[in-house]
Each structure stands twice: as C-alpha cells, then as structure tokens.
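> Have a look; sequence and predicted model below, questions after that.
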Amino acid sequence: MSASAKGGPHADDAPIALQGFLPYRLAVLADHVSHSLAQIYTDRFDLTRQEWRVLAGLADRGPIVARDVAGHTTLDKMSVSRAVAGLEAKGYLSRHDDPQDRRNKILEMTPQGRALYVRIVPLARAREAYLLDSLSAEDRAALDRILTALLARSIELERRG
C-alpha cells in the first residue's frame, strides 16, 4: 500500500504545503529570475518582457513567420501581437509579406533591433552566470538534466489533457 493510500504525507485529501509544492516553487523561481532580468531590458532599454522575448526569438531563429513566434516564445498570440507592434513602432523589427503565402507576415530584426539585442545579451548572460555561479559544475549538469526531464513530463501531461 502506498503512502498516499495510507493517508501519509501525500494523501489525496491532505492540504498542499504551498511552499514545498514543486509547481509553486518553480513558478516563484521563474518569477524572480524573470524580474531580475527585466530590470535590464525594462529599466535600461524600455522593453517589455514580451518585446524582449520576441526580440530574443528573432535573434535565435532569424526571420520568422509571425504566427510561429508564439510557440517559440511561450507567449500567447495577443501578447505577441502587442510586442510586435511595440517593436515595430520603436524601429526594432520589420514585417513583410511571405512570398510563399501572402497571408503570412515575416518578422525580421532591423539593424537597430540587432544593435539593441547585442547590447542586452552580455548583461543577460551576466545575470545567468551570477545565478549559475551558486552551483557547482556537477549541480549545473544535474539541474540541466532535471529541467529537461521535468519539461518533457509536463509536455506529456499537457498532451494528455
């Protein structure tokens, strides 16, 4: 008989200790990491979180069909639309018709967008390095394996519904 069936620490009717609940802990960590990074691109470069993600996605993927940005950045379509409009208004990206399907728009970083991205990346990497410096090389490798495994499982759960 499992601990849950016996009414142990993970019994189905036991209250969740939020501070120890993995999904909550991951959300808190993600929020803190995201806010610490936002201090760079929001305060210094006047970008929203969504604009930064779209800009980083364009840098990572190159020119991309607008409808594909959401999946690559984990942003919903409305957030992508607002971010694209903001980046375009600021001169950091351009959009043009897809020659293969004129219903689609291709997003591309402008030279000004590329220059901005190049200025932000070293600062973002420094924040990442600061966080990772708190872990040994062995712990960093373990963290990478753990995050990969948890992401695969969470995707599996999403697909199951």
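Received, thanks.
> burial count for G62?
Neighbourhood size, G62 [other CB atoms under 10 Å]: 11. Yep, even glycine has a C-beta here, placed from its N, CA and C like the rest.
> For the closest residue to it other than its chain neighbours, report the pLDDT, please.
Ranked by CB to CB, 6 or more residues apart in numbering and with sequence neighbours excluded, the top spatial neighbour of G62 is E108, at 7.8 Å. What the model reports as pLDDT for E108 is 92.
> same check, this time on A70
The model reports A70 with a pLDDT of 82.
> G7 now?
On pLDDT, G7 comes in at 51.
> swap in the one 10 residues further on?
Model confidence at A17, expressed as pLDDT, equals 89.
> Starting from R25, give me the distance back to it.
Computed as CB to CB, to the nearest Å, the A17 to R25 distance reads 11 Å.
> So between those two, which is more surrounded?
Higher neighbour count among A17 and R25: R25, with 12 against 9, using other CB under 10 Å.
> List the buried residues of the helix or strand bottoming out on mean pLDDT in the chain.
Within the chain, no helix or strand scores below helix 66-73, which has a mean of 82 by mean pLDDT, DSSP states H and E. For helix 66-73, burial by neighbour count (16 or more other CB atoms under 10 Å) applies to 66, 69-70, 72-73.
> So which of the residues you listed is the closest to E88?
Using CB to CB, A66 is the member of the buried residues of helix 66-73 that lies nearest E88, at 10.9 Å.
> Surely the closest one is in contact with K105?
Yes: taking contacts as CB atoms under 8 Å, A66 lies within contact range of K105: 4.5 Å.
> Now list whatever residues contact both of those two.
Taking CB atoms under 8 Å, 6 or more residues apart in numbering as the contact rule, A66 and K105 both touch R95.
> Keeping just the C-alphas, turn the helix ranked longest in the chain into PDB.
Ranked by residue count and defined by DSSP state H, the top helix of the chain is helix 137-160. The C-alpha trace of helix 137-160 is given here as PDB (Å, rounded to 0.1, in the frame of the first residue of the first chain):
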ATOM      1  CA  ALA A 137      29.600  22.200 -12.200                       C
ATOM      2  CA  GLU A 138      28.100  18.900 -11.100                       C
ATOM      3  CA  ASP A 139      25.000  20.700  -9.800                       C
ATOM      4  CA  ARG A 140      24.600  22.700 -13.000                       C
ATOM      5  CA  ALA A 141      24.800  19.500 -15.100                       C
ATOM      6  CA  ALA A 142      22.200  17.900 -12.700                       C
ATOM      7  CA  LEU A 143      20.000  20.900 -13.000                       C
ATOM      8  CA  ASP A 144      20.100  20.700 -16.800                       C
ATOM      9  CA  ARG A 145      19.100  17.100 -16.700                       C
ATOM     10  CA  ILE A 146      16.300  17.700 -14.100                       C
ATOM     11  CA  LEU A 147      14.900  20.700 -16.100                       C
ATOM     12  CA  THR A 148      14.900  18.600 -19.300                       C
ATOM     13  CA  ALA A 149      13.100  15.700 -17.600                       C
ATOM     14  CA  LEU A 150      10.500  17.900 -15.900                       C
ATOM     15  CA  LEU A 151       9.800  19.800 -19.100                       C
ATOM     16  CA  ALA A 152       9.300  16.500 -21.000                       C
ATOM     17  CA  ARG A 153       6.900  15.300 -18.300                       C
ATOM     18  CA  SER A 154       5.000  18.500 -18.200                       C
ATOM     19  CA  ILE A 155       4.600  18.400 -22.000                       C
ATOM     20  CA  GLU A 156       3.400  14.800 -21.700                       C
ATOM     21  CA  LEU A 157       0.800  15.900 -19.200                       C
ATOM     22  CA  GLU A 158      -0.400  18.800 -21.300                       C
ATOM     23  CA  ARG A 159      -0.800  16.400 -24.300                       C
ATOM     24  CA  ARG A 160      -2.900  14.000 -22.200                       C
END
